[in-house]
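**Q** Take a look and give me a structure for this.
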Amino acid sequence: MLPNRLNAIGFAAFLLLPLAGCASSANKSLQDALAADPRLKEKPVVLGSSPTSQPSPAKPIQPTQTDQIELPADFPAEVPLYPQRSLLAVEQPDQNLLTRWSSPDPSAQIMAFYRQELQKNGWKLEGQPIDPTQGILEASRETLQLRVNVQAGSEFTLQVEGLPASDASAPNTSAPNTSTPSPGSSEFIGPISPAIVPSPASSPVATGGFTDLDKAPNELQQPTRDLTQLGVLALPSSNKANLAKSQNFFEPNKAITRREYARWLVAVNNRLYASRPARHIRLAVETASPAFQDVTRRDRDFSAIQGLAEAGLLPSSLSGDSTATLFRPDAPLTREEMILWKMPVDMRQALPTATIDSVKQTWGFQDAARIESRALRAVLADFQNGDQSNLRRAFGYTTLFQPKRSVTRAEAAGALWYIGFQGDGISAQEALKGSLSKP
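**A** This next block holds a predicted model:
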């Protein structure tokens, strides 16, 4: 009986061994099927993307030609571009355009290029920096307004306003050689269509862009032309709504304000003596304590007016005049004020003592007694300047000085045309010839 039972157990064990093997194999297959693919440890796949489209992390993406910044296709051809330049950025809010550039050349060379090119191509210089080597240069031509900002360093900006709707287009980022470069593009090599080249009639270079200088007295037209061509007679920015009507008018017979004359005096002096920094009138820094109660740091002409006061060229508390607390920047400039501010710049030394009688004997002015005592010294010193006298150049021959009379813009330009004393000086004409002869 026992042998039969043992045989039965052995037979059962024989049947179970294959089943156990099958179960183990099935479990192993199921485990392998559910396990993560070991290849994913080397190249993980992001959901929603194809594994073959993923670049290798070890190989950086190189920028393509379309990643480079380019000028808009319709960038105004009238705006000159500095030869040694690299475009860094382009911004186009509304119908304006701001471009940022870099150049290895010094700021003085860049500023000189734009000053000369704008004048040569019919732009009207509305404002120039007092420092001839850097600052903001503003110009206009027809509906365009250009603002060139050149600062010490390697970068400068060009801001163009008044672009037509067609000019305010997006930058051209098409692939290379897929379109023809247009004027203004860094790839454009010319020629420019004759239709957009300014004709001599539309480029009044000789008058600095102003069309009414012939209304000035004949003797003052050329001095005014010379100074406007130098770009140093900046006028207040016109209201944009009236820009088309007023941008070409200098109004030479209009009374000049005290602020305008102060601005011109500093600008002309520093421009004529651009190569002699020791003779520059330094602009005041924005942190300076105002010398006048009505010319705050926020005033657009603070740096020039404050600079004149700090140099002792304007009567103020800084020069010991406790009564000169107000500058009255928008009041008309008088004849005695014009000569009182100008002669110290001409002489570079103390003014001589003067009396009413000495002025009468030299100038023969019948109204010498009406001249303010401080101005008497300047009037007498001006007589000693001979043919380069400011009063002779501005007012011609006269026996009446009329010290309280307002000075016109043309008369102020006539006085500022030359800075110096007894042969040691320079005229706007000489400075203009020097600037045009430079490359």
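**Q** and after the lowest-mean-pLDDT helix or strand in the chain, which helix or strand comes next?
**A** The weakest-scoring helix or strand in the chain, judged by mean pLDDT, DSSP states H and E, is helix 243-246 (a mean of 46). Moving toward the C-terminus from helix 243-246, the next helix or strand (DSSP states H and E) is helix 258-272.
**Q** The stretch 151-300 of the chain: strands as residue ranges?
**A** Along the stretch 151-300 of the chain, the segments classed as strands by DSSP state E, counting those that start in this stretch run 155-161.
**Q** quick one: low-confidence ranges for it?
**A** 152-154, 164-209, 236-247 (pLDDT under 70).
**Q** one more time with 90, if that's ok
**A** For the stretch 151-300 of the chain, applying pLDDT under 90 flags the ranges 151-211, 228-249, 275, 286, 300.
**Q** Ok, the stretch 301-439 of the chain next?
**A** Ranges of the stretch 301-439 of the chain meeting pLDDT under 90: 321-322, 432-439.
**Q** and the closest residue to residue 393 other than its chain neighbours, how many neighbours does it have?
**A** In space, and not counting its chain neighbours, residue 393 is closest to residue 414: 4.8 Å by CB to CB, 6 or more residues apart in numbering. Any C-beta I mention is one placed from the backbone N, CA and C, and that applies to glycine too. Residues within reach of residue 414, counting by other CB atoms under 10 Å, total 27.
**Q** Name the SS class of residue 414, please.
**A** helix (DSSP: H, G, I helix; E, B strand; the rest coil).
**Q** Same question for residue 100.
**A** Recorded secondary structure, residue 100: strand (three-state DSSP).
**Q** Quick check: bridge partners of it?
**A** residue 89, residue 157 (DSSP bridges).
**Q** okay, now it: neighbour count?
**A** Neighbours of residue 100 (other CB under 10 Å): 17.
**Q** before we move on, what about residue 211?
**A** Count around residue 211 with other CB under 10 Å applied: 13.
**Q** Can you tell me the closest non-neighbouring residue to it?
**A** residue 248 (4.5 Å).
**Q** wait, isn't the one you found in contact with residue 124?
**A** Yes. At 6.6 Å, residue 248 and residue 124 qualify as touching, with contact defined as CB atoms under 8 Å.
**Q** Looking at the two, which one has more neighbours?
**A** Ranked by neighbour count (other CB under 10 Å), residue 248 and residue 124 place residue 124 first, with 23 against 14.
**Q** How much space separates that one from residue 137?
**A** Counting by CB to CB, to the nearest Å, the gap from residue 124 to residue 137 is 12 Å.
**Q** try residue 338
**A** As judged by CB to CB, residue 338 and residue 137 stand 27 Å apart.
**Q** Could you check which of these two has the larger neighbour count?
**A** A count of neighbours by other CB under 10 Å puts residue 338 above the other of residue 338 and residue 137, at 27 against 23.
**Q** that's a strand at that one, yeah?
**A** No. Counting by three-state DSSP, residue 338 falls outside a strand, being helix.
**Q** Settle this for me: it is touching residue 261, isn't it.
**A** Yes. Using CB under 8 Å, residue 338 is in contact with residue 261, at 6.7 Å.
**Q** Need the overlap of contacts for these two.
**A** 407, 412 (CB atoms under 8 Å, 6 or more residues apart in numbering).
**Q** Can you check the pLDDT for the nearest residue to residue 138 once chain neighbours are set aside?
**A** Residue nearest to residue 138 in three dimensions, not counting chain neighbours: residue 127, with 4.1 Å by CB to CB, 6+ apart. Confidence at residue 127, expressed as pLDDT, is 71.
**Q** Contact partners for the nearest residue to residue 125 once chain neighbours are set aside?
**A** If the residues on either side of it in the chain are set aside, residue 125 comes closest to residue 231, at 3.7 Å by CB to CB, 6+ apart. Counting by CB under 8 Å, 6+ apart, residue 231 makes contact with 115, 119, 125, 128, 137, 208, 271.
**Q** same thing with residue 401?
**A** 335-336, 363, 365, 367-368, 370-371, 379, 391.
**Q** quick one, helices of the stretch 251-400 of the chain?
**A** With helices called from DSSP state H, counting those that start in this stretch, the stretch 251-400 of the chain shows them at 258-272, 302-310, 335-347, 356-363, 373-383, 390-395.
**Q** and the angle for the longest one with helix 302-310?
**A** Inter-element angle recorded for helix 258-272 and helix 302-310: 80 degrees (by axes from the mean of the first three to the mean of the last three CA atoms, to 10 degrees).
**Q** Please save the CA atoms from helix 258-272 in CSV.
**A** Included here for helix 258-272 are C-alpha records, laid out as CSV according to Å, rounded to 0.1, in the frame of the first residue of the first chain:
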residue,chain,number,x,y,z
ARG,A,258,17.8,136.7,-20.9
ARG,A,259,17.8,132.9,-20.8
GLU,A,260,18.3,132.6,-24.6
TYR,A,261,21.3,135.0,-24.5
ALA,A,262,22.8,133.2,-21.6
ARG,A,263,22.5,129.9,-23.4
TRP,A,264,24.0,131.3,-26.6
LEU,A,265,26.8,133.0,-24.8
VAL,A,266,28.0,129.7,-23.3
ALA,A,267,27.4,127.7,-26.5
VAL,A,268,29.2,130.2,-28.7
ASN,A,269,32.2,130.6,-26.4
ASN,A,270,32.7,126.8,-26.0
ARG,A,271,32.2,126.2,-29.7
LEU,A,272,34.6,128.9,-30.9
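**Q** do you know how far the nearest residue to residue 232 once chain neighbours are set aside is from residue 133?
**A** Nearest residue to residue 232 in three dimensions, chain neighbours excluded: residue 267, at 4.3 Å (CB to CB, 6+ apart). Residue 267 is 14 Å from residue 133, where distance means CB to CB.
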